[in-house]
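[1] 3D model of this:
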Amino acid sequence: MQDRILTYLQDHEENMVKDLKWLIESESPSTDKALLDRTAEVVARILEASGFTISTICQDNAGNQIRGYLEGSLKDRPILVLAHYDTVWEAGTLRDNPFSWQNGVLRGPGVFDMKAGLIQAAWACRALRNTDYIRRPIVFLVTSDEEIGSAHSRPIIEEEAKKACAVLVFEASHHGALKTARKGTCLYEWRISGKAAHAGLDPLGGVSAVEELADQIVDLRTLVNSVTGTTVNVGVVNGGTRSNVIAAEASAAIDIRVGTAQEAERVMRYMEQIAPKRKGIRMEIRGGLNRPPMERTPDVVEIFEMAKEVGRELGLDLDEASVGGASDGNFCAALGIPVIDGLGAVGDGAHAADEHVIAQTMPIRAALAAHLMVRLSEEVPLRDGP
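    Below is the predicted model:
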């Protein structure tokens, strides 16, 4: 089986790259619905070629989502394959950073995060279909708003995850390692109102929103915990109008990463209980848990060990990693569904100008995914029941 699947994919490496070029050259910035919908059609055609029955989930205020269904020989819970096609790159980026395949390296906007992973997943399923190894049904969900928080796709993701035995996420690998844990993300917008006054003529007549924010930020650092991995980043700060005016307004955008649900609860309690330090200050804090943590559960370990064994049979020595970035897999993990992430591209440079993928890794990573799907069908009837 392994020789057939891997050989099939190696024989079609150029076709995989051709599909990747097609997908990259269909630009898909997260906030451009027209371009997103055009790219959704490309995704649909690529999945159709792999044998999927396609449903387009139309969105009014976001790009359309694509759901593919591939029937298996078993009637068990399906495997959910999860990917997104939106990127952080603005329309026109291709002019300065066109798709290229040189010296074994693939480049272009979104190649690493995560269009190569999407292609690998599609071809993994195509290899299974062409070698007659489809066992469990496969649901392939491709979303359009992952890079901006997944507000529109989250209900769809969660609905599909609840039906699945396991979720395989084709986000890029961590230097080849699979991701068995991801931090959750708490996002907050903090607005503070004080009272303006002349800094020289009436220094005691005002109440500085900037000083209030500065003191609160110092206190916020107490949330940092090196043992649990909780981090705090005050990424954007604004405030005041002139140096000789006591600032009446200040604001901050805050990103807090947490490794466990317990830590998320601690952070949210802290944020809910914040009170002004100065009389005359009013504050508004909006936000909360954007993506829950993806924790390394026994079921996740079981699937990783399965993948590691499959990898050895393919000549790969797979490692696992816990990373600070969140993905749509976090939503699935919070529902108690086992998730393996990082099944996608091998390369580097997510969200950076040097984003790239090692071309020769695409067939073997697709083969790894294909064999993992077979093993999930044959050995571990996860979450199957009456």
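[2] Leaving out chain neighbours, which residue sits closest to Gln59?
    Among residues not flanking Gln59 along the chain, His152 sits closest, at 5.5 Å (Cβ to Cβ, 6 or more residues apart in numbering). (C-beta placed from N, C-alpha, C; glycine too.)
[3] tell me, how many neighbours does the one you found end up with?
    A count of nearby residues for His152, using other Cβ atoms under 10 Å, gives 19.
[4] any idea how far Ala247 is from it?
    36 Å (Cβ to Cβ, to the nearest Å).
[5] Repeat that for Met294.
    40 Å.
[6] The two: which has the busier surroundings?
    Using other Cβ under 10 Å as the criterion, Met294 and Ala247 rank with Met294 on top: 30 against 26.
[7] quick one, strands of the stretch 1-150 of the chain?
    For the stretch 1-150 of the chain, applying DSSP state E, counting those that start in this stretch gives strands covering 53-57, 65-70, 79-84, 100-102, 105-107, 138-143.
[8] Now distance to Ala369, mean pLDDT and mean neighbour count too, for the ones you listed, in CSV please.
    What follows is those, written out as CSV (distance: least, Cβ to Cβ, whole Å; pLDDT from 0 to 100; neighbours: other Cβ atoms under 10 Å):
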stretch, distance to Ala369, mean pLDDT, mean neighbour count
strand 53-57, 20, 98, 14
strand 65-70, 13, 98, 22
strand 79-84, 8, 98, 27
strand 100-102, 22, 98, 13
strand 105-107, 18, 98, 20
strand 138-143, 11, 98, 26
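[9] out of the ones you listed, which comes closest to Leu368?
    strand 79-84 (13.4 Å; Cβ to Cβ).
[10] Off-centre distance for the closest one?
    The chain centroid and the centroid of strand 79-84 are separated by 11 Å under Cα atoms, centre = their mean, to the nearest Å.
[11] Any chance you could list what contacts that strand?
    114, 117-118, 121, 125, 136-147, 153, 157, 160-161, 163-171, 328-329, 332, 337, 344, 373, 376-377 (Cβ atoms under 8 Å, 6 or more residues apart in numbering).
[12] what's near enough to touch Arg312?
    Contacts of Arg312 by Cβ under 8 Å, 6+ apart are Leu318.
[13] In this protein, where is pLDDT below threshold?
    Across the chain, the ranges flagged by pLDDT under 70 are 1-2, 379-386.
[14] give me phi/psi at the residue lying farthest from the centre of it?
    Centroid-distance maximum for the chain: Leu201 at 52.5 Å, with Cα atoms, centre = their mean. Backbone torsions of Leu201, given as degrees, to the nearest 10, read phi -80, psi -30.
[15] From Gly239, how far out is it?
    21 Å.
[16] circling back to that earlier point, among the contacts of strand 79-84, which ones are buried?
    The neighbour count (16 or more other Cβ atoms under 10 Å) marks 114, 117-118, 121, 125, 136-147, 153, 157, 160-161, 164-171, 328-329, 332, 337, 344, 373, 376-377 as buried among these.
[17] Buried residues, stretch 288-297. List them.
    Buried, per 16+ other Cβ under 10 Å, within stretch 288-297: Leu289, Asn290, Arg291, Pro292, Pro293, Met294, Glu295, Arg296, Thr297.
[18] Closest one to Ala264 out of those residues, please.
    The closest of the buried residues of stretch 288-297, once distances to Ala264 are taken by Cβ to Cβ, is Leu289, at 5.4 Å.
[19] which residues does that closest one bridge with?
    Cys186 (DSSP bridges).
[20] Contacts only, for it.
    Gly184, Thr185, Cys186, Ala264, Met268.
[21] buried subset of the residues you listed?
    Gly184, Thr185, Cys186, Ala264, Met268.
[22] Contact partners for the last one?
    Yep, that's Met268 we're talking about. Met268 touches Cys186, Gly288, Leu289, counting by Cβ under 8 Å, 6+ apart.
[23] Likewise for the second one?
    Taking Cβ under 8 Å, 6+ apart as the criterion, Thr185 is in contact with Asp255, Ile256, Arg257, Val258, Leu289, Asn290, Arg291, Ala326.
[24] Next one: it from Gln273, what distance?
    20 Å.
[25] list the buried ones in stretch 127-135?
    Ala127, Leu128, Arg129, Asn130, Thr131, Tyr133, Ile134, Arg135.
[26] Of these, which belong to helices?
    Ala127, Leu128, Arg129, Asn130 (DSSP state H).
[27] Without its sequence neighbours, what residue ends up closest to Leu23?
    Lys115 (4.9 Å).
[28] Can you report how many residues neighbour the one you found?
    Lys115: 33 neighbours (other Cβ under 10 Å).
[29] Just confirm it contacts Glu25, I think it does.
    No - shown here, Lys115 and Glu25 do not form a contact pair, counting by Cβ atoms under 8 Å, at 10.2 Å.
[30] How about the contacts made by Glu378?
    Glu378 sits in contact with Arg135, where contact means Cβ under 8 Å, 6+ apart.
[31] how does it look with 10 Å?
    Leu74, Tyr133, Arg135, Arg136 (Cβ atoms under 10 Å, 6 or more residues apart in numbering).
[32] give me the number of residues near Glu13?
    16.
[33] Quick one: residues contacting it.
    Trp123, Ala359, Gln360, Met362, Pro363, Ile364, Ala366.
[34] and the angle for the helix or strand containing the fourth one with strand 138-143?
    Read that as Met362. Applying DSSP states H and E as the criterion places Met362 in helix 361-378. Interaxial angle of helix 361-378 relative to strand 138-143 (axes from the mean of the first three to the mean of the last three Cα atoms, to 10 degrees): 130 degrees.
[35] Can I get helix 361-378 as PDB, trimmed to CA atoms?
    The C-alpha trace of helix 361-378 is given here as PDB (Å, rounded to 0.1, in the frame of the first residue of the first chain):
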ATOM      1  CA  THR A 361       8.600  17.200   0.600                       C
ATOM      2  CA  MET A 362       5.100  17.700  -0.800                       C
ATOM      3  CA  PRO A 363       4.600  14.100  -2.100                       C
ATOM      4  CA  ILE A 364       5.900  12.400   1.000                       C
ATOM      5  CA  ARG A 365       4.000  14.600   3.400                       C
ATOM      6  CA  ALA A 366       0.800  13.900   1.400                       C
ATOM      7  CA  ALA A 367       1.600  10.200   1.600                       C
ATOM      8  CA  LEU A 368       2.000  10.500   5.400                       C
ATOM      9  CA  ALA A 369      -1.400  12.100   5.600                       C
ATOM     10  CA  ALA A 370      -3.000   9.500   3.300                       C
ATOM     11  CA  HIS A 371      -1.600   6.600   5.400                       C
ATOM     12  CA  LEU A 372      -2.700   8.300   8.600                       C
ATOM     13  CA  MET A 373      -6.300   8.400   7.200                       C
ATOM     14  CA  VAL A 374      -6.100   4.700   6.500                       C
ATOM     15  CA  ARG A 375      -4.800   3.900  10.000                       C
ATOM     16  CA  LEU A 376      -7.600   6.000  11.500                       C
ATOM     17  CA  SER A 377     -10.000   3.800   9.700                       C
ATOM     18  CA  GLU A 378      -8.500   0.400  10.400                       C
END
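[36] Since that was my last question, I'll sign off now.
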